[in-house]
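*Asks:* Give me coordinates for this.
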Amino acid sequence: MKRSGCGGFQVESGRESLISSTGASLLLQTAQVSGLASGLSRQLRPWRAARSIHDPGKTVLDLAVAIALGGDCLADAALLRAQPEVFGAVASDPTISRLIDALGGEPAAAVAAIRRARAAARAVVWRHCSPVPAVGDVVVDLDATLIGAHSEKDNATPNFKRGFGFHPMMAFVDHGAGGTGEPLAAMLRPGRANASDAADQIAVLDAALAQLPEAVRERVLVRGDTGSGVKEFLWHIHHLGLSYSVGVYGRQPVLDALAALPRQAWRHAREPDGGVRDGAQVAELTRWLPATFVGWPPGMRVIARRERPHPGAQLRITDGHGWRITLFATNTTGGRIADLEVRHRLRARAEDRIRTLKDTGLTNLPLQAFGKNQIWLELAALAAELLTWTQLLAWPDQSARSWEPKRLRLRLLAVAGRIITTSRRRILRVNKRWPWSDLLITGQRNLAALN
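*Replies:* Predicted coordinates for the structure are as follows:
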């Protein structure tokens, strides 16, 4: 029997010119091309201590890169520190802790500084790759999520699902056709925070709009679930002159309109590809709403969708005659209601963005103080943006453009390479048998062409 050559190695350490995170060099290129690296250095200069060796902007960028590579605590910056040939001089753990202490001591100012650098970098990236259509809506999705805590951290409280931790609210650019999936803004909140808090939603939306290039702010469509369907928030959107598509609760006036709706008012629902969705129908309730439905912004339309629930699903109190009823409101004029319903249903893609963000540093909040965890939330958003911007700039027309972080790390970011010096040049060489080595080379060339 022929013995396999696999396994049986003896492991030892030595001083080799090996790099375990070759693909991360693309993240650094993106930070340079977008101006993020210089922007962070400029905005965080007030937090640089006297006689300090390390630039706070570079340290923040190093932490974001470590999180993008899969890190989930400050100590994971050691991954970069062990590879100075690629990442340069990386601050020690005590230096990083002191910086986070300083930033967490005045989190509002620190977060504002990081966001200014993010907004400037985003404008540069969008000029390079034009990821959103020249006309039409730019969709901004708002949603909240729960992050568990396993110790008594500041402002960690019980939540409505009987868990314990935090309840941040976030805004994303839609990642569908003509979108990027970038996290625009995030607000850290205690676990007991209400998903329907209008003041929080207004603050997150305003922060998200400030992140967008000025040329697109006036054509934003704000999309959200039933937590966003509150009067104060919709009035704020109305005064900004923006569009919205948000879920609404089945309050009694809406239920009265459903009861008065004639059977012939229902139309076939559609799939995103334009086909008919079996077992689903849509209808507009606006003209049947009773006079008691008052106080909402002018021009608001209420649209209902009904669908036979899947086997085993439990009906809610607002469902009737075996139908699962969902409702949403929009101020969009014209258009087929089936198309408006499809547009609203695609709001579920925000759940994908939240899931990928939890794969990028938000599985938990690793620090004790609330202010420090606010900084960590901002670092996680920055790491997610670095990944997204790298995909936009390096592989605009290839499948890697839409890979989620886990796949991106496995195939491209974590590949090993060797540094070779020849003819006064330093070359980072990867194994030619690696299935995705061509993507790495293509991405590096595309980014180099933007310098």
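*Asks:* CA atoms for contacts and neighbours, from now on please.
*Replies:* Fine.
*Asks:* quick one: R426 from I420, how far?
*Replies:* 6 Å (Cα to Cα, to the nearest Å).
*Asks:* Ok, V254 next?
*Replies:* 69 Å.
*Asks:* So if I had to pick from those two, which one is more boxed in?
*Replies:* Each of V254 and I420 has its neighbours counted (other Cα atoms under 10 Å); V254 has more, 24 against 12.
*Asks:* and I100, how many neighbours does it have?
*Replies:* Counted with other Cα under 10 Å, I100 comes out at 23.
*Asks:* quick one: it is in a helix?
*Replies:* Yes - assigned with DSSP: H, G, I helix; E, B strand; the rest coil, I100 falls within a helix.
*Asks:* Can you tell me the element the residue nearest to it when sequence neighbours are not counted falls in?
*Replies:* Leaving out its chain neighbours, the residue that sits closest to I100 by Cα to Cα, 6 or more residues apart in numbering is K372, at 6.4 Å. For K372, the host element (DSSP states H and E) is helix 370-394.
*Asks:* counting contacts, what elements does that helix pack onto?
*Replies:* The elements that helix 370-394 packs onto, with contact taken as 3 or more Cα pairs under 8 Å, 6 or more residues apart in numbering; DSSP states H and E, are helix 24-33, helix 56-68, helix 93-105, helix 107-129, strand 183-187, helix 349-358, helix 437-449.
*Asks:* what's the next secondary structure element after it?
*Replies:* helix 405-408.
*Asks:* ok, and what's touching the helix or strand following that following helix?
*Replies:* On the C-terminal side of helix 405-408, the closest following helix or strand by DSSP H and E is strand 417-422. Here strand 417-422 makes contact (Cα atoms under 8 Å, 6 or more residues apart in numbering) with 17-22, 426-431.
*Asks:* now strand 417-422: mean pLDDT?
*Replies:* Averaging pLDDT along strand 417-422 gives 84.
*Asks:* That strand: which residues count as buried?
*Replies:* 417-419 (16 or more other Cα atoms under 10 Å).
*Asks:* still on that earlier bit, from the contacts of strand 417-422, which would you call buried?
*Replies:* 18-22, 428-430.
*Asks:* Report the beta-bridge partner residues of the residue nearest in space to the middle of the chain.
*Replies:* Centroid-nearest residue in the chain, with Cα atoms, centre = their mean: P183, separated by 3.2 Å. Under the criterion DSSP bridges, P183 forms beta bridges with F172.
*Asks:* With A89 as the reference, measure out to it.
*Replies:* On the measure of Cα to Cα, P183 and A89 end up 29 Å apart.
*Asks:* Now render the helices and strands packed on helix 370-394 as CSV, adding distance to R45 and mean pLDDT.
*Replies:* Formatted as CSV, the helices and strands packed on helix 370-394 follow (distance: least, Cα to Cα, whole Å; pLDDT from 0 to 100):
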stretch, distance to R45, mean pLDDT
helix 24-33, 17, 95
helix 56-68, 7, 97
helix 93-105, 12, 95
helix 107-129, 10, 95
strand 183-187, 22, 96
helix 349-358, 28, 92
helix 437-449, 27, 93
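*Asks:* Make TSV out of those and add distance to L413.
*Replies:* Listed next are the helices and strands packed on helix 370-394 as TSV, based on distance: least, Cα to Cα, whole Å:
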stretch	distance to L413
helix 24-33	5
helix 56-68	9
helix 93-105	23
helix 107-129	20
strand 183-187	21
helix 349-358	16
helix 437-449	9
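*Asks:* And Q444, how close does it get to D197?
*Replies:* 44 Å.
*Asks:* In terms of residue numbering, what are the domains of the chain?
*Replies:* Per the record's domain assignment (automatic domain parsing), the chain is made up of the domains 18-106+365-449, 136-358.
*Asks:* right, so of these, which gets closest to C129?
*Replies:* domain 18-106+365-449 (6.5 Å; Cα to Cα).
*Asks:* Start and end of that closest one, how far apart?
*Replies:* 26 Å.
*Asks:* Enumerate every residue touching the residue nearest to I100.
*Replies:* 100-101, 103-105, 107.
*Asks:* I would like a PyMOL command selecting only the buried ones among these, please.
*Replies:* Here is the PyMOL command that selects the buried residues among the contacts of K372 (16+ other Cα under 10 Å):
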select buried, resi 100+101+103+104+107
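*Asks:* Break down the stretch 101-250 of the chain into its strands, ranges please.
*Replies:* Applying DSSP state E, counting those that start in this stretch to the stretch 101-250 of the chain gives strands spanning 138-144, 147-148, 157-158, 164-166, 169-173, 183-187, 220-224, 243-247.
*Asks:* just to revisit the earlier point, neighbour-wise, which of Q444 and D197 wins?
*Replies:* Taking neighbours as other Cα under 10 Å, Q444 and D197 compare with Q444 leading, 21 against 14.
*Asks:* What sits closest to G35 if chain neighbours are left out?
*Replies:* A121 (5.5 Å).
*Asks:* I'd say the one you found and Q32 touch.
*Replies:* No - with contacts counted by Cα atoms under 8 Å, A121 stays clear of Q32, the gap being 9.5 Å.
*Asks:* more crowded one of these two?
*Replies:* A121 (26 against 17).
*Asks:* any idea how far F233 is from P298?
*Replies:* From F233 to P298 the distance is 14 Å (Cα to Cα).
*Asks:* Number of residues surrounding the nearest residue in space to A198 that is not next to it in sequence?
*Replies:* Leaving aside its sequence neighbours, A198 sits nearest to F233 (Cα to Cα, 6+ apart; 5.2 Å). If you count neighbours by other Cα under 10 Å, F233 ends up with 21.
*Asks:* so how far is G295 from W235?
*Replies:* 10 Å.
*Asks:* The two: which is more packed in?
*Replies:* In terms of neighbours (other Cα under 10 Å), W235 is the more surrounded of W235 and G295; the figures are 15 against 9.
*Asks:* what residues are up against the more buried one?
*Replies:* 296-297.
*Asks:* Return the per-residue confidence for it.
*Replies:* Confidence score, pLDDT, at W235: 97.
*Asks:* Check D319 too.
*Replies:* Reported pLDDT for D319: 62.
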